[in-house]
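Student: pasting a predicted model and its sequence here:
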Amino acid sequence: MDTDVLVVGGGATGVGVARDLSMRGVDVTLAERGGLSSGTTGRSHGVLHSGARYAESDPDGAAECIRENGILREVATGCVAETGGLFLSLDGDDPAYFDAKRSACRDVGIDAEEIDPAEAREAVPDLAGDLDRTMRVPDGVVFPSRLVAATADDARRHGAEILTDAPLKALHVEDGTLAGATVGGTRVDAEVVVNASGAWAGECAALAGVEVEMRPTRGVMVVVEYPGLGPVLNRSRAPADGDIVVPHRDRAVLGTTSVAVEDPDEYPREEWEVERVIDECSAMVPDLDDAPVEGTYWGVRPLYGPDESKRESRGISRDFFLLDHTRDGVDRFHTIVGGKLTTHRAMAEVTADRVCADLDVDAPCRTADEPLAAAGDPDRLDELVAEFDARSPADADVVGAD
């Protein structure tokens, strides 16, 4: 089969690229080895970041987060929940860190308001007794399965072909140009290939003789029975294990750890990570320590090696990088790595801009202005999740629920 652009990878960024390009009139085929959102996207904690988490360490990234946060609330209504968020400083936490974060939020346009701890307890009565200071921010929750399925559906409505259960078998380089790929048992000839395979980007690129150095890390999410939480809770301290609690219907998702892995498919899942996350999150909400554990799941972050090597310690900034492999001797081949679920649309826009330059397509991005066609219909969203085999643990309690 022939297409203008082949996108490899069916997570949020991949389907975002397919939607953006198809809306610009480009013929797109997307191939995913399993069901959509089966990689990092569907195994995240699902926070719609306000940018507050990154404000003091990465102001540009924080500004991008708050911008994309607002866009997703408008274009993907049934795929997000407007929960709000709180940053909590406990007795013994560095007050200077709290002050720096509050100031940084305001500098980049994030509505960050310090509130009295008593007001925070009205929203979350079970907060720790040693709560010292609290800041309210416009965080929210993303339902990744719905978001990916709705984005893929919208891409398909604009002419894209979405292939699931179509693993990448080979990339075909001819005279220094990537001419296409074999996915599943099908040869797909393409003018441009986009590698949006996340933590697997290095393995994908290697099939074209290109090195993309990935440094993936695993993180555990612990799902506990905890109804009525309300806002997303963040610990106001330097990045550490167990510093976020995410509300879900009758559950809460506690996260997370950060441990380097060699293989994003095969890695150990350690019980100490589960115990640490529960212990640390319980410092914010002591009742979480006794909450029944309903399950655990691990995700793998698609971190770009050269960026990670610059960090002196664990960081939480998640820059994204668009790599043009012409520099590696392979034309018409691009890799998009890094980033955050919240900024997937912006990542897709940058990628689509570059691909359109390759194809001499002069058409603007419209993904920030036009809502996803199915976004306002929860039943239809859940039908699409089933159709694309996109159900994932990050929102299993929401998708298909009454």
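Tutor: Okay, I see it. Residues are numbered from 1 along each chain as shown.

Student: what packs against the lowest-mean-pLDDT helix or strand in the chain?
Tutor: Every helix and strand in the chain was compared by mean pLDDT, DSSP states H and E; the lowest is helix 305-308, with a mean of 80. Secondary-structure packing of helix 305-308 (3 or more C-beta pairs under 8 Å, 6 or more residues apart in numbering; DSSP states H and E): no helix or strand packs against it. In short, each C-beta sits where N, CA and C put it, glycine included.

Student: beyond it, next helix or strand please.
Tutor: strand 320-324 (DSSP states H and E).

Student: before we move on, the earlier item: got the contact list for the least confident helix or strand of the chain?
Tutor: Residues external to helix 305-308 that are found in contact with it (C-beta atoms under 8 Å, 6 or more residues apart in numbering): E213, M214, R215, G315, D319, F321, G338.

Student: chain center to it, what's the gap?
Tutor: Relative to the centre of its chain, helix 305-308 is centred 18 Å away, using C-alpha atoms, centre = their mean, to the nearest Å.

Student: and if you look at stretch 42-50?
Tutor: In terms of C-alpha atoms, centre = their mean, the centre of stretch 42-50 is found 6 Å from the chain centre.

Student: for that stretch, measure first residue to last.
Tutor: 20 Å (C-alpha to C-alpha, to the nearest Å).

Student: what is the rounded mean pLDDT of it?
Tutor: Averaging pLDDT along stretch 42-50 yields 95.

Student: flag the shaky bits of the chain, pLDDT-wise.
Tutor: Residue ranges of the chain with pLDDT under 70: 308-318, 401-402.

Student: in terms of contact, does A201 touch V210 like I think?
Tutor: No: proximity of A201 to V210 does not meet the contact threshold set by C-beta atoms under 8 Å, at 10.0 Å.

Student: okay if I get the contacts of helix 305-308 as JSON lines plus neighbour count?
Tutor: Shown next, in JSON lines, are the contacts of helix 305-308 (neighbours: other C-beta atoms under 10 Å):
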{"residue": "E213", "neighbour count": "15"}
{"residue": "M214", "neighbour count": "23"}
{"residue": "R215", "neighbour count": "18"}
{"residue": "G315", "neighbour count": "18"}
{"residue": "D319", "neighbour count": "19"}
{"residue": "F321", "neighbour count": "16"}
{"residue": "G338", "neighbour count": "22"}
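
Student: which one's more surrounded, A201 and V210?
Tutor: Counted by other C-beta atoms under 10 Å, A201 and V210 do not tie: A201 has more neighbours, with 26 against 21.
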